[in-house]
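> no sequence on this one, just coordinates:
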C-alpha cells in the first residue's frame, strides 16, 4: 500500500504539469496502484489556477471536505537535486529565475518556503561540476550532541485544551534562528529558519534553505544582533535535512523536542518561522489534519520535482521563510520541521481552516535521526558529510556526447544566446554564461560554457568552448558523466583532468578541488 492511501479514496491527485489537468477520482473510483505517483503539490502554479483538489477522505485524515486548491505555493528550485538536464547526475544545476522572481526582499515566490532576494541568474540550465561525500567527521561534533525525541507531554494530543499561542511561542522562540544563505553562483540570497538543538550551536534546518550556499549566517530569532557564521556539517538532499554548526556559539537555548510518532489527528500545533524573511519568528496556529503524507513538490521555475514521504500535514498558515522552522504542540515541544506549503489563491474553495493553506513538516524523529548520522560523520547514498569538492566549470544542460550539439541544446533554451564577446571572462555570480561560438574540435566530452573565477578550472587556464574528456582516467562522455565522476572526490583532492582547448590542443592538468557550495 502506498503511504498516502490511508488518506481515503478521494485523497490522491496528479499534477497538471504531468497530466494536463487529470481529474481527481470520486469515492467510487478505486485508489491508484503502488506504481502511481504520490499526492502532488504543484507549487508555482499561476494565481487563479486552483486546479484539482486534494480532498481528504476518511481514515487518516481530518474527514472529508478538506480540499486544498493548488493556488500559489512554495516549494521547488531543485538546483542541487536529481538528474537535471538529461541526466546531469549528482551535480548542481543552476536554473534561470523565472519571470517575476526579482524583488529586493521576499522575492522567491515560487520556490520552497524560503525567501530569496534575487538578482540575475548565472549559466541557466548549466551544471557546475562538483560533488563528493566527505568522510571526515566534523571536529568536536558527535552523534551524542544530537538529542533524541521525548514523549509528548500529557494533554498535548488531539483532545488537548485550546493552544495558548503566546505561551508556546515563549518556549520555542529562544531556540530558533533566522538563516541567511549567500547563493553566490545563483546571484541570490535565501532566507529561512533553523532550530538550535544543542547549547554549543548545532542547528537543524532544511537542505533547501542552504542549497547552493557559498556562505551561511544565522541570527538568533529573539536577538538579531547575535549573529554567527554557520558551517555546513552535512545534508541529506533526498529527505531535505541539513545540520549546521554556529561558529563560536555557546550557552544557547535549544528547542525542546516531542515525539512525532505519538502525534495524532487533531493535535493543536503552532508553526514558528522567519515568515517572509522579516526576521524573528511569526506564529501561525492550526491542527494536524493528516499523517504520513507522501507529496511530490514541483516548481515551474526550475521544472523539477522532489518526492517527500511520511510528512505531517497541518492547516497552520505556512509562509515563505518558514522552512526549517518549528511545528510545536501546545506544550512547546517541537514535533516537526516545517518544509513545504501550498496555499490556495483567494476565492478558491477550501475548508482547511486557514485561508486554504496546507503545510507540511518533516516528522522530528526522522529529522533528528538524519542529523545524528551527519554528526557522526557517516555518509550514505543520500547523506553527505561536509561540503563537496569544486572543479569550477559550468557545463551545458544536455545529454548529448557531441560538444557542438551540447552548445546547440544550451542555446536552444532561449535563455543563453550564442556569444563570442568576453568569452575568456570568468563568472563570479549574477552573470549569464553565453554559449560559446567556438567549440573545441573533439567528438565527445563535456563542453565548458562558463568558468568560475578563482576556481581550479580558471587556474588551469580553462575557458568557455574547451571540452573536458576525462578525469583521473575515467572517460567524460557527456556533461552528466562529468558531474557523476567528480562526485567521487572531495575538497582538497587532486585530480588529473584531460581537456581539449578551442584550438584543438590537448592538455593534461592536475587540479586541486576547492570547496564547493552546499547542495
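Great, that's in hand. Every value quoted in this text rests on a predicted model; they were computed, and no experiment measured them.

> ok, what's across the strand from residue 234?
Beta-bridge pairing for residue 234 (DSSP bridges): residue 243, residue 385.

> How many neighbouring residues does it have?
Burial of residue 234 is recorded as 29 neighbouring residues (other CB atoms under 10 Å). C-beta coordinates here come from the backbone N, C-alpha and C atoms, glycine included.

> Doesn't residue 159 lie inside a strand?
No. Checked against DSSP: H, G, I helix; E, B strand; the rest coil, residue 159 lies outside a strand; its state is coil.

> quick one: secondary structure of the nearest residue to it once chain neighbours are set aside?
Leaving aside its sequence neighbours, residue 159 sits nearest to residue 266 (CB to CB, 6 or more residues apart in numbering; 7.8 Å). Three-state call for residue 266 (three-state DSSP): coil.

> my read: residue 393 touches residue 447, true?
No. Residue 393 lies out of contact with residue 447 (CB atoms under 8 Å); the separation is 9.5 Å.

> out of those two, which sits in the busier spot?
Here residue 393 and residue 447 are compared on neighbour count by other CB under 10 Å; more neighbours surround residue 393, at 34 against 31.

> pLDDT score assigned to that one?
For residue 393, the model assigns a pLDDT of 90.

> Could you look up the next helix or strand downstream of the helix or strand containing it?
Following DSSP states H and E, the helix or strand that holds residue 393 is strand 389-395. Following strand 389-395 in sequence order, the next helix or strand is helix 403-412 (DSSP H and E).

> For that next one, buried residues please.
Residues of helix 403-412 classed as buried: 403, 406-411 (neighbour count, 16 or more other CB atoms under 10 Å).

> One more: stretch 279-299?
With burial defined by 16+ other CB under 10 Å, the residues of stretch 279-299 counted as buried are 280-299.

> With stretch 366-385 instead?
Result for stretch 366-385 [16+ other CB under 10 Å]: buried residues 366-368, 370-377, 379, 383-385.

> ok, so of those residues, who is nearest residue 154?
Minimum distance to residue 154 across those is 21.8 Å, recorded for residue 368 (CB to CB).

> Mind pulling up the pLDDT for the closest one?
Looking at residue 368, the pLDDT reads 98.

> Wait, a helix at it?
Yes. Per three-state DSSP, residue 368 lies within a helix segment.

> thinking again about what came up before, phi and psi next, for the residue nearest to residue 159.
Note on residue 266: backbone dihedrals following degrees, to the nearest 10 are phi 90, psi 0.

> wait, isn't it in contact with residue 288?
Yes. With contact defined as CB under 8 Å, residue 266 counts as touching residue 288 (6.7 Å).

> if we can go back for a sec, could you give the angle of the strand holding residue 393 to helix 403-412?
80 degrees (axes from the mean of the first three to the mean of the last three CA atoms, to 10 degrees).

> about what we covered before: among the buried residues of stretch 279-299, which are in strands?
282-299 (DSSP state E).

> where are the low-confidence patches of the stretch 101-250 of the chain?
Under the criterion pLDDT under 70, the flagged ranges of the stretch 101-250 of the chain are 101-139, 160, 186.

> Which parts of this structure are helices?
With DSSP state H as the criterion, the chain has helices at 16-19, 165-172, 207-210, 364-375, 403-412, 456-459, 479-486.

> quick one, which of the ones you listed is nearest to residue 142?
Checking these against residue 142 by CB to CB gives helix 364-375 as the closest, at 6.0 Å.

> about what we covered before: now do the contacts for the residue nearest to residue 159.
For residue 266, the contact set (CB atoms under 8 Å, 6 or more residues apart in numbering) comprises 62, 157-159, 287-289.

> Pick the one among those closest to residue 486.
So of the contacts of residue 266, ranked by how close each gets to residue 486 (CB to CB), first place is residue 288, at 42.3 Å.

> rewinding a little: turn the helices of the chain into CSV, columns for distance to residue 439.
Formatted as CSV, the entries for the helices of the chain read as follows, by distance: least, CB to CB, whole Å:
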stretch, distance to residue 439
helix 16-19, 33
helix 165-172, 55
helix 207-210, 34
helix 364-375, 41
helix 403-412, 5
helix 456-459, 17
helix 479-486, 13
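
> wait, which of those is closest to residue 435?
helix 403-412 (4.6 Å).

> Rounded mean pLDDT for that closest one, please.
Computed over helix 403-412, the average pLDDT equals 90.

> Can you check what angle separates it from helix 479-486?
Using the same axes, to 10 degrees: helix 403-412 against helix 479-486 is 110 degrees.

> and helix 403-412, what does it pack onto?
Contacts defined by 3 or more CB pairs under 8 Å, 6 or more residues apart in numbering; DSSP states H and E place helix 403-412 against strand 435-436, strand 446-451.

> Between residue 266 and residue 288, which contacts overlap?
Counting by CB under 8 Å, 6+ apart, the residues touching both residue 266 and residue 288 are residue 158.

> Contacts only, for the residue nearest to residue 322 when sequence neighbours are not counted.
The spatially closest residue to residue 322, leaving aside those adjacent along the chain, is residue 273, at 3.1 Å (CB to CB, 6+ apart). Residues in contact with residue 273 (CB under 8 Å, 6+ apart) are 113, 176, 192-193, 281-282, 318-319, 321-326, 338.

> Tell me how far the residue nearest to residue 221 when sequence neighbours are not counted lies from residue 225.
With sequence-adjacent residues excluded and distances taken as CB to CB, 6+ apart, residue 221 is closest to residue 176, at 3.9 Å. Per CB to CB, to the nearest Å, residue 176 is found 15 Å from residue 225.

> neighbour-wise, which of those two wins?
residue 176 (29 against 6).

> looking at the sheet around the more buried one, what are its partners?
Applying DSSP bridges, one finds that residue 176 bridges with residue 195.

> Check the one 4 residues further on too.
Partner residues in beta bridges with residue 180: residue 191, residue 217, with DSSP bridges as the criterion.

> Just to check, it is in contact with residue 188?
No. Between residue 180 and residue 188 there is no contact under CB under 8 Å: 11.4 Å.

> Which single one of the buried residues of stretch 366-385 is nearest to residue 147?
Proximity of the buried residues of stretch 366-385 to residue 147 (CB to CB) peaks at residue 368, which lies at 6.9 Å.

> Just list the residues touching the closest residue to residue 216 other than its chain neighbours, thanks.
Among residues not flanking residue 216 along the chain, residue 230 sits closest, at 4.1 Å (CB to CB, 6+ apart). By CB under 8 Å, 6+ apart, the contact set of residue 230 is 179, 194, 203, 216-218, 244-247.

> how about a cut-off of 7 Å?
Residues near residue 230 by CB atoms under 7 Å, 6 or more residues apart in numbering: 203, 216-218, 244-246.
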